[in-house]
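Q: My questions concern the predicted model and sequence given below.
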Amino acid sequence: MGKPIYKHQAIGHSIADMAINIQAARLLTWQSAVLHDSGQQNSTYAAMAKAFAADMAMKVCIDAVQVFGGYGYISEYPVEKLMRDVKVSQIYEGTSQIQRNIIVRELFH
Ligand SMILES: Cc1cc2nc3c(=O)[nH]c(=O)nc-3n(C[C@H](O)[C@H](O)[C@H](O)COP(=O)(O)OP(=O)(O)OC[C@H]3O[C@@H](n4cnc5c(N)ncnc54)[C@H](O)[C@@H]3O)c2cc1C
């Protein structure tokens, strides 16, 4: 349609949301790592980082497929593989539900 897809405002907003959420996950992860490195208890922040990053990554990949349109669904482009691969991050090393169990347990400890 005569311009890069990101210049359509709705698509641009979707990509901006991806960037916001990726950076938020990065900061949560770093906060958890800093606590660990300084010898402090970090299980709440580690669980927050794991749950947020995994759920965020799943949503970002689903939205990325949408941005690519039909090309997002076919295997000629890597984005559909990223979407399939990222699902497991909500499952292994403690599912997103179990991370939330840890967070609520620590909040009311
Ligand atoms: C590719 C891959 C690699 C893996 N690698 C390893 C590994 O190297 N080492 C290892 O030890 N394990 C490994 N696992 C296992 C992984 O850690 C488990 O699959 C994961 O912990 C979930 O356990 P489960 O499959 O028994 O699901 P279940 O515990 O049966 O859970 C099923 C669903 O119920 C939900 N659920 C369960 N209990 C609760 C609860 N109390 N409250 C709310 N929701 C709940 C879960 O969130 C999930 O959605 C791997 C799994 C995969 C897919």
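A: Everything's here; your move. Numbering: from 1, shown residues only.
Q: show me where pLDDT drops low in the protein?
A: Judged against pLDDT under 70, the chain has no low-scoring part.
Q: Could you give the separation of the helix of greatest length in the chain from the chain centroid?
A: Longest helix in the chain by number of residues (criterion: DSSP state H): helix 9-37. What separates the centre of helix 9-37 from the centre of its chain is 8 Å, taken as C-alpha atoms, centre = their mean, to the nearest Å.
Q: How about Asp17, nearest residue that isn't a chain neighbour?
A: Spatially, and ignoring its direct neighbours in sequence, Asp17 is nearest to Asp63 (7.5 Å; C-beta to C-beta, 6 or more residues apart in numbering). C-beta coordinates here come from the backbone N, C-alpha and C atoms, glycine included.
Q: So what's the residue count around the one you found?
A: 18 (other C-beta atoms under 10 Å).
Q: buried set for whatever helix or strand Ala64 lives in?
A: Following DSSP states H and E, one finds Ala64 within helix 43-68. For helix 43-68, the neighbour count (16 or more other C-beta atoms under 10 Å) marks 43-58, 60-61, 63-65, 67-68 as buried.
Q: With Gln41 as the reference, measure out to the residue nearest to Asp17.
A: Distance of Asp63 to Gln41, given as C-beta to C-beta, to the nearest Å: 34 Å.
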